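Asker: Quick check, what structure comes out for this input:
(one chain, ligands or ions: 2)
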Amino acid sequence: MSEQQMAEDPGGPSDDPGDAGDSPGMAIVARGLTKRYERGPASVTALDGIELDIGSGEAVALVGPSGSGKSTLLHLIAAMDRPSAGSLIVGGTEVSSLGAAAAARFRRRVGFVFQAFHLLDSLSAIDNVLVPLLPARQARARGGLAMSLIERVGLAERARHLPAELSGGEQQRVAIARALVNEPRLLLADEPTGNLDSATGAAIVELLLEVRRDSGATLVVATHDERVAASLDRRVRLSDGRIAG
Ligand SMILES: Nc1ncnc2c1ncn2[C@@H]1O[C@H](COP(=O)(O)OP(=O)(O)O)[C@@H](O)[C@H]1O
Ligand SMILES: [Mg+2]
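Answerer: Ligands and ions are numbered 1, 2, ... in the order given. Model (predicted):
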């Protein structure tokens with residue numbers, strides 16, 4: 001099948017993955033997925049013809065050395081960046097063909113957790129959780145949903161603290177609560193334990209797995225840490241932008 005044919009055959013209900021009733025996590029299907037970064041005259045092939053199937057509700061570890069393409073793949077799955085070639089269907093949506101507005105809507109349906117937490121320094125924990133919501137929903141969510149998420153991640157006593165007043169593990173818990181505020185059916189985490197000691201990191205992974213158990217969301221975690229990888233259902237190994245097993 002050509003790339004063009006695949007792009008025209010999204011393999012499921014198309015544009016809005018958020019309205020698929022009570023079906024659980026988003027499934028991910030990549031075919032010939034390729035990403036090249038142009039660097040002046042040079043070009044770096046970060047992903048080179050990825051073939052990948054991740055089932056609804058699976059918890060998958062994305063492993064591989066630094067530079068193997070883990071972050072690039074997560075960014076494509078989240079529609080934060082666009083592939084150079086190939087097909088990528090996430091929750092029934094061909095994300096490679098989304099326009100800017102549709103990509104922005106799609107991104108709100110995906111929870112993303114970063115290694116460096118990426119909290120806003122001047123906002124309290126609870127206000128950081130509200131950031132991904134549209135302004136119209138923020139006021140309504142402030143007391144209820146955001147607080148329940150802060151409680152969910154074990155930070156009820158810290159809701160009004162600034163990031164600088166929280167430990168690394170606590171900041172990552174805030175980042176997880178923020179990632180959950182739009183009730184995502186797909187949770188992506190890029191080296192979420194990379195800045196944490198191993199006990200704190202293990203607790204963060206346990207929290208991600210609990211969230212996945214409770215919500216049925218699909219979970220994909222890029223990690224260097226073998227113990228983190230071992231706690232998920234399955235490993236997908238990248239090497240030089242290709243699936244290595
Ligand atoms: N924005 C970018 N511009 C140019 N090259 C990039 C960019 N992001 C990543 N790369 C390159 O793509 C390759 C894969 O990087 P990345 O996806 O970050 O790997 P990993 O997360 O596994 O460390 C590397 O060679 C990296 O240097
Ligand atoms: Mg990376």
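
Asker: What separation do you get for A85 and H75?
Answerer: 16 Å (C-beta to C-beta, to the nearest Å). Placement of C-beta: from N, CA and C, glycine included.

Asker: Those two - which one has more neighbours?
Answerer: Neighbours per residue (other C-beta atoms under 10 Å) separate A85 from H75, with H75 holding more: 17 against 14.

Asker: Now the more buried one: closest residue in space that isn't a chain neighbour?
Answerer: D81 (4.4 Å; C-beta to C-beta, 6 or more residues apart in numbering).

Asker: Ok, A85 next?
Answerer: For A85, ignoring the flanking residues on the chain, the nearest one in space by C-beta to C-beta, 6+ apart is T34 at 4.2 Å.

Asker: Does the helix or strand the one you found falls within reach ligand 1?
Answerer: According to DSSP states H and E, T34 maps onto strand 28-39. Yes. Judged by C-beta under 6 Å from any ligand atom, strand 28-39 and ligand 1 are in contact via 37, 39.

Asker: just to revisit the earlier point, so the residue nearest to A85 makes contact with S84?
Answerer: Yes. If you go by C-beta atoms under 8 Å, T34 and S84 touch, sitting 5.1 Å apart.

Asker: In this protein, which residue sits closest to ligand 2?
Answerer: Closest residue of the chain to ligand 2, C-beta to the ion: S71 (3.2 Å).

Asker: still on that earlier bit, so how far is L98 from the residue nearest to H75?
Answerer: If you measure D81 against L98 using C-beta to C-beta, the figure is 12 Å.

Asker: before we move on, what about R142?
Answerer: The gap separating R142 from L98 is 30 Å, by C-beta to C-beta.

Asker: before we move on, what about A199?
Answerer: When distance is defined by C-beta to C-beta, A199 is 40 Å away from L98.

Asker: So which of these two has more stuff around it?
Answerer: Under the criterion of other C-beta under 10 Å, the comparison of A199 against L98 puts L98 first, with 17 against 8.

Asker: So the residue nearest the centre of the chain: helix, strand or coil?
Answerer: Nearest residue to the geometric centre of the chain (C-alpha atoms, centre = their mean): L188, 2.0 Å. Three-state call for L188 (DSSP: H, G, I helix; E, B strand; the rest coil): strand.

Asker: Identify the residues contacting it.
Answerer: By C-beta atoms under 8 Å, 6 or more residues apart in numbering, the contact set of L188 is 74, 77-78, 110-113, 220-221.

Asker: switch to 10 Å and redo it
Answerer: 28, 62, 73-75, 77-78, 80, 110-114, 179, 218-222 (C-beta atoms under 10 Å, 6 or more residues apart in numbering).

Asker: rewinding a little: find the residues that touch each one of T34 and S84.
Answerer: 45-47, 76.

Asker: out of those, which are buried?
Answerer: Among the shared contacts of T34 and S84, those classed as buried by 16 or more other C-beta atoms under 10 Å are 46-47, 76.

Asker: For ligand 1, state which of those is nearest.
Answerer: Comparing the buried ones among the shared contacts of T34 and S84 against ligand 1 with C-beta to the nearest ligand atom places A46 closest, at 3.3 Å.
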